[in-house]
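S.K.: give me a model of this one.
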Amino acid sequence: MVVALAATIATYFTKLLKGEDREGYLNAIKDEHKSFIDKDVYSVLNEDQLNGKKTIPIKVILNKKTDSNGQLLKYKARFVCQGFRQIPGVDFDPFEITSSVCRLETLRLLIAIPTILNLDIEQYDVSTAFLNSVIKKDVVVKPPKDLLKILGLKENQYWKLKKTVQ
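M.R.: Residues are numbered from 1 along each chain as shown. Reported below is the predicted structural model:
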């Protein structure tokens with residue numbers, strides 16, 4: 001169940017952090033940032049280091065993961081870039097955009113073979129899988145002030161991304 005899509009950080013993000021789920025969301029936010037640090041996703045820039053580069057705002061999306069009975073499994077936080085603010089041909093080459101996914105026929109084959117051979121199929125989740133792809137162009141993002149405050153980071157900092165973010 002999606003709790004907030006964070007249309008404006010001050011309205012939703014701050015409201016959620018004042019509610020009864022505050023500690024769960026705070027821990028989820030810190031875990032997401034730890035993933036960014038562990039995967040070396042960004043380097044910090046100050047305003048004077050921007051050199052006129054366009055910055056993209058980051059939003060924080062907070063979710064509650066529940067099981068089929070509605071029982072809370074965990075709190076989840078994601079930092080997402082507002083890539084829709086980029087201009088094709090100016091900020092990125094639209095012909096270089098790819099998303100590696102397998103064809104449906106390949107997936108069916110991967111399921112059919114073990115089924116025919118009466119083998120077990122297992123499913124895995126790769127945590128923070130999207131943080132593994134290296135960015136070739138300079139992308140600078142601006143985290144929300146409230147996020148920086150929660151993480152105990154300097155207020156006026158920007159992040160130069162080294163890897164992709166959702």
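S.K.: quick check: bridge partners of residue 60?
M.R.: residue 79 (DSSP bridges).
S.K.: pretty sure it contacts residue 82?
M.R.: No: using Cβ atoms under 8 Å, residue 60 is not in contact with residue 82; the gap is 11.8 Å. (Glycine included, C-beta is placed from N, CA and C.)
S.K.: have a look at the two and say which one is more surrounded.
M.R.: Taking other Cβ atoms under 10 Å, residue 60 and residue 82 do not tie; residue 60 has more neighbours (24 against 12).
S.K.: report the separation between the more buried one and residue 124.
M.R.: 27 Å (Cβ to Cβ, to the nearest Å).
S.K.: what of residue 16?
M.R.: Counting by Cβ to Cβ - residue 16 and residue 124 are separated by 30 Å.
S.K.: in the longest helix along the chain, what's buried?
M.R.: What stands out as the longest helix in the chain, according to DSSP state H, is helix 22-38. For helix 22-38, burial by neighbour count (16 or more other Cβ atoms under 10 Å) applies to 24-25, 28-29, 32-33, 35-36.
S.K.: show me what it is packed up against.
M.R.: Helix 22-38 makes packing contacts with strand 55-66, strand 72-81, helix 145-151 when contacts are defined by 3 or more Cβ pairs under 8 Å, 6 or more residues apart in numbering; DSSP states H and E.
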